[in-house]
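Trainee: Sequence and predicted structure, then a few things I'm wondering about:
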Amino acid sequence: MKVLGIGNAIVDVICKVEENFLTKNNLTKGTMKLVDEMEFKKLLSNLTIEETIAGGSVANSIVGLSQLGNTVSFIGKVSNDELGNKYEKSLTNEKVKYCYQKKKESIPTGTCLILITPDSERTMCTFLGIAGKVSYKDIDENAVKNSELIFLEGYLWDEGEPKAAFNKAMNISKKKAMSLSDQFCVERHKKSFFDLVNNKLDITFANEQEILSLINAKSFDEVISFGKQLGKLLVITRGEKGSIAIQKNEVVECDSKKDLKIADLTGAGDLFAAGFLHGHVNNLSIKESLEKGTEMSSKIIQKIGARLN
């Protein structure tokens, strides 16, 4: 197995909204907010659903890796309900090995309301449901040990139980990669994330805002200096400014693709990570891996949703 993903198993509910919907509901554009089931239903009651698709940050990356021809698997928790069954089927249809035996839970499968404004930016309201209850015993040790690399998401850190699962997987894996996930997520867990990046991860994925926040940097030059001192692989996406990877004294940049017809920025980072990790596990150069990440993210932002199909 090339890559095992461990993350929140979330069903995405995609809706188009005007800017004032965000303002009216006290939502910060471009971020993810955790909500309870009641708030989720209240928000959804005023909207028209464009599409419902299986999602979750790392799961999106894992599906992307599968589509690029890699053998992959995923651990994430769903309930044995309608959405949970749909979620599992969507993974198996994409040739992803699902390493979790679902059962009927008292809490439903997690859902994420993805609100797309006219500028194509996405704002997310997530009801984690059972997804936020991944526990130590849910981690399939053989799946971890038999993978060349595990890929984790910072979002997993938001609930108590997943931390034990997260650490179990980290302790027995050969190589570890993680996405910082979201600027607010970084703010919530800054001390823990800083420790992970410095001492435990082999590869860290972040966007510019997330990495600036993590190290309390005032300028991107400070990020470059931090990356060089880190000694491990730090991969940063910078929107229209492209992407950059830093490993020891090697700093590699890649331009973004221009003149794209952007439909939805959902999944841009997830698919970038898929492309980069594809390059990494198949022994491509850092430059080639950045280029593959850019190619994948460029494709996904020209369609609605976070899955290429």
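Mentor: All right, it came through fine.
Trainee: got the residue ranges for the strands in this protein?
Mentor: Along the chain, counting by DSSP state E, strands occupy 3-6, 10-16, 32-34, 49-55, 72-75, 96-98, 110-116, 122-127, 149-153, 176-179, 203-207, 233-237, 243-247, 250-254.
Trainee: The first one pairs with which strands, parallel or anti?
Mentor: So that's strand 3-6. For strand 3-6, the paired strands and their directions (DSSP bridges) read strand 72-75 (parallel), strand 149-153 (parallel).
Trainee: From the rest of the structure, what touches the first one?
Mentor: Contacts with strand 72-75, where a contact means C-beta atoms under 8 Å, 6 or more residues apart in numbering, come from 1-7, 9, 58-59, 62, 65-66, 91, 95-100, 134, 138-140, 143, 147, 169. The way it works is simple: take the backbone N, C-alpha and C, and place the C-beta from them, glycine included.
Trainee: which stretches of this protein have low pLDDT?
Mentor: Residue ranges of the chain with pLDDT under 70: 158-160, 260, 262-266, 301-309.
Trainee: Identify the residue nearest the geometric centre of it.
Mentor: S57 (2.8 Å; C-alpha atoms, centre = their mean).
Trainee: Contact partners for that one?
Mentor: Here S57 is in contact with G7, N8, E153, Y155, S179, S181, G269, D270 (criterion: C-beta under 8 Å, 6+ apart).
Trainee: please redo it, this time with the cut-off set to 7 Å
Mentor: S57 sits next to G7, E153, Y155, S179, S181, D270 when contact means C-beta atoms under 7 Å, 6 or more residues apart in numbering.
Trainee: With T126 instead?
Mentor: T126 sits next to I10, M32, L34, V35, C112 when contact means C-beta under 7 Å, 6+ apart.
Trainee: do S61 as well
Mentor: S61 makes contact with G5, F151, D270, A273, A274, according to C-beta under 7 Å, 6+ apart.
Trainee: Comparing the strands of the chain, which comes out most buried?
Mentor: Comparing these by mean neighbour count (mean count of other C-beta atoms under 10 Å), strand 3-6 ranks first with a mean of 29.
Trainee: got CSV for the contacts of S61, with distance to K292 too?
Mentor: CSV is the format used below for the contacts of S61 (distance: C-beta to C-beta, whole Å):
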residue, distance to K292
G5, 17
F151, 15
D270, 14
A273, 11
A274, 9
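Trainee: Just name the closest of those residues to K41, please.
Mentor: K41 has its nearest neighbour among the contacts of S61 in D270, at 25.9 Å by C-beta to C-beta.
Trainee: ok so, going back, mind putting the strands of the chain into a markdown table with distance to H189?
Mentor: Below are those laid out as a markdown table (distance: least, C-beta to C-beta, whole Å):
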| stretch | distance to H189 |
| --- | --- |
| strand 3-6 | 16 |
| strand 10-16 | 19 |
| strand 32-34 | 13 |
| strand 49-55 | 22 |
| strand 72-75 | 20 |
| strand 96-98 | 27 |
| strand 110-116 | 19 |
| strand 122-127 | 16 |
| strand 149-153 | 12 |
| strand 176-179 | 12 |
| strand 203-207 | 13 |
| strand 233-237 | 18 |
| strand 243-247 | 22 |
| strand 250-254 | 27 |
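Trainee: Which one of the ones you listed lies nearest to E291?
Mentor: Of all these, strand 250-254 sits nearest to E291, with 5.8 Å by C-beta to C-beta.
Trainee: How far away from the center of its chain is that closest one?
Mentor: 22 Å (C-alpha atoms, centre = their mean, to the nearest Å).
Trainee: try stretch 100-111
Mentor: 20 Å.
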